[in-house]
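Q: sequence and computational prediction follow.
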Amino acid sequence: MSGHSKWSTIKHKKAATDAKRSKIWTKIIKEITVAARMGGGDASGNPRLRAAVDKARAANMPNDNVQRAIRKGTGEEGGVHYEELSYEAYGPGGVALLIDIMTDSRNRTAAEIRHVLERHNGKLAAVGAVAYLFKKHGVLAFEGASEDALTELAIDLGADDVRASPTTIEVITDPHDFEKIRDGFIAKGFKPTHAEVQMVPSTTVRIEGKDAESMVKLLSALEDHDDVQNVHANFDIDDKVLEQLSA
């Protein structure tokens, strides 16, 4: 299991209680607005919007906020037009990064992201330099559950893989089967710690010491940026070290 998956679990736990909830809501509102603009305001017929609304509910966002974002996306209310793009970059220790952006000013965001990277021993990469290292998968993360039971159910539900670490078990799915498999686990009493479609690395880079510390600081700084929706990385850091650095 890559360290980035463990980071995602830590991040989702903190998001439920810390002072960054309003920033998380802002990012989800952007996603809802863009999803509604691209695929319509009916979540039942728009998988991307449905996933964004599920995120909003998990983050305890009021329904009024959700509906307002949908109306902005469909044009029923005025709103900012966001452009979607991705930056490829390298972090400390040669870690590969994919940074998903939603912005109303491409030039401003590019300059700001470059500055964040440079402050934390990272740099922008050429187009195509790291994207090939990632593939889109559904990821369900579980803690405190039986690996045997999860594996058996994962096979029955048609999941692609099960990956275990000392503290977390991940079930990997085809992105098209993600919702069906997630709902199947929940129906059997296995609620994931977090569940989302993300870019999963095909290879990982083990980092320790100062590189690990700089990597966690870089991830935090990037995800704290208003225009950054997601950061995908192929680092591998010892679980206990990652928890200590993320505290």
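A: Happy to help now that I have it.
Q: chain neighbours aside, what residue packs nearest to residue 211?
A: residue 93 (3.8 Å; CB to CB, 6 or more residues apart in numbering). Backbone N, C-alpha and C define where each C-beta goes, glycine included.
Q: where does the one you found fall, helix, sheet strand or coil?
A: Using DSSP: H, G, I helix; E, B strand; the rest coil, the structure places residue 93 in helix.
Q: so what's the residue count around it?
A: Neighbour count for residue 93, taken as other CB atoms under 10 Å: 18.
Q: so what pLDDT did it get?
A: Listed pLDDT for residue 93 reads 94.
Q: and if you look at residue 165?
A: 78.
Q: that one reaches residue 240, doesn't it?
A: No. In this structure, residue 165 is not within contact of residue 240 by CB atoms under 8 Å, at 10.8 Å.
Q: quick one: low-confidence residue ranges for this structure.
A: By pLDDT under 70, the weakly predicted segments of the chain are 1-7, 9-21, 247.
Q: next up, the contacts around the residue nearest to residue 211.
A: Applying CB atoms under 8 Å, 6 or more residues apart in numbering to residue 93 gives the contacts 205, 207, 211-212, 215, 235.
Q: among these, which two are most distant?
A: 205 and 212 (10.8 Å; CB to CB).
Q: shared neighbours of those two, anything?
A: 93, 235.
Q: assign a three-state SS to the residue at the greatest distance from the centre of the chain, would you?
A: Largest separation from the mean C-alpha position in the chain: residue 76, at 28.7 Å (CA atoms, centre = their mean). What three-state DSSP gives for residue 76 is coil.
Q: quick one, phi/psi of residue 63?
A: Per-residue torsions, residue 63: phi -60, psi -30 (degrees, to the nearest 10).
Q: swap in residue 224?
A: phi -80, psi -10.
Q: likewise for residue 123?
A: Dihedral angles (degrees, to the nearest 10) for residue 123: phi -160, psi 150.
Q: same question, residue 235
A: Dihedral pair for residue 235: phi -80, psi 160, per degrees, to the nearest 10.
Q: could you measure it against residue 158, distance?
A: Distance from residue 235 to residue 158, counting by CB to CB, to the nearest Å: 29 Å.
Q: before we move on, what about residue 64?
A: Distance from residue 64 to residue 158, by CB to CB: 37 Å.
Q: what comes up buried for the longest helix seen in the chain?
A: Assignment by DSSP state H gives helix 21-39 as the longest helix of the chain. Of the residues in helix 21-39, 24-25, 27-37, 39 count as buried by neighbour count, 16 or more other CB atoms under 10 Å.
Q: try stretch 166-174
A: Under the neighbour-count criterion of 16+ other CB under 10 Å, stretch 166-174 has 168-173 buried.
Q: cool, stretch 126-145 as well?
A: 130, 133-134, 137-142, 145.
Q: of all these, which comes closest to residue 197?
A: For the buried residues of stretch 126-145, the nearest to residue 197 is residue 138 (5.1 Å; CB to CB).
Q: what about the closest one, which helix or strand?
A: Using DSSP states H and E, residue 138 maps to strand 134-142.
Q: run the chain-centre distance for that strand.
A: Centre-to-centre, strand 134-142 and its host chain are 9 Å apart (CA atoms, centre = their mean, to the nearest Å).
Q: pull the CA atoms of stretch 50-66 into PDB?
A: Backbone C-alpha positions of stretch 50-66 (Å, rounded to 0.1, in the frame of the first residue of the first chain) are rendered in PDB as follows:
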ATOM      1  CA  ARG A  50     -23.600  11.900  -7.300                       C
ATOM      2  CA  ALA A  51     -20.000  11.300  -6.000                       C
ATOM      3  CA  ALA A  52     -19.600  15.000  -5.200                       C
ATOM      4  CA  VAL A  53     -22.900  15.100  -3.300                       C
ATOM      5  CA  ASP A  54     -21.900  12.000  -1.400                       C
ATOM      6  CA  LYS A  55     -18.700  13.800  -0.400                       C
ATOM      7  CA  ALA A  56     -20.700  16.800   0.700                       C
ATOM      8  CA  ARG A  57     -22.900  14.700   3.000                       C
ATOM      9  CA  ALA A  58     -19.800  12.900   4.400                       C
ATOM     10  CA  ALA A  59     -18.400  16.400   5.200                       C
ATOM     11  CA  ASN A  60     -21.700  17.400   6.900                       C
ATOM     12  CA  MET A  61     -22.400  20.200   4.300                       C
ATOM     13  CA  PRO A  62     -25.900  21.700   4.600                       C
ATOM     14  CA  ASN A  63     -28.200  20.600   1.800                       C
ATOM     15  CA  ASP A  64     -28.900  24.300   0.900                       C
ATOM     16  CA  ASN A  65     -25.200  24.700   0.000                       C
ATOM     17  CA  VAL A  66     -25.400  21.600  -2.100                       C
END
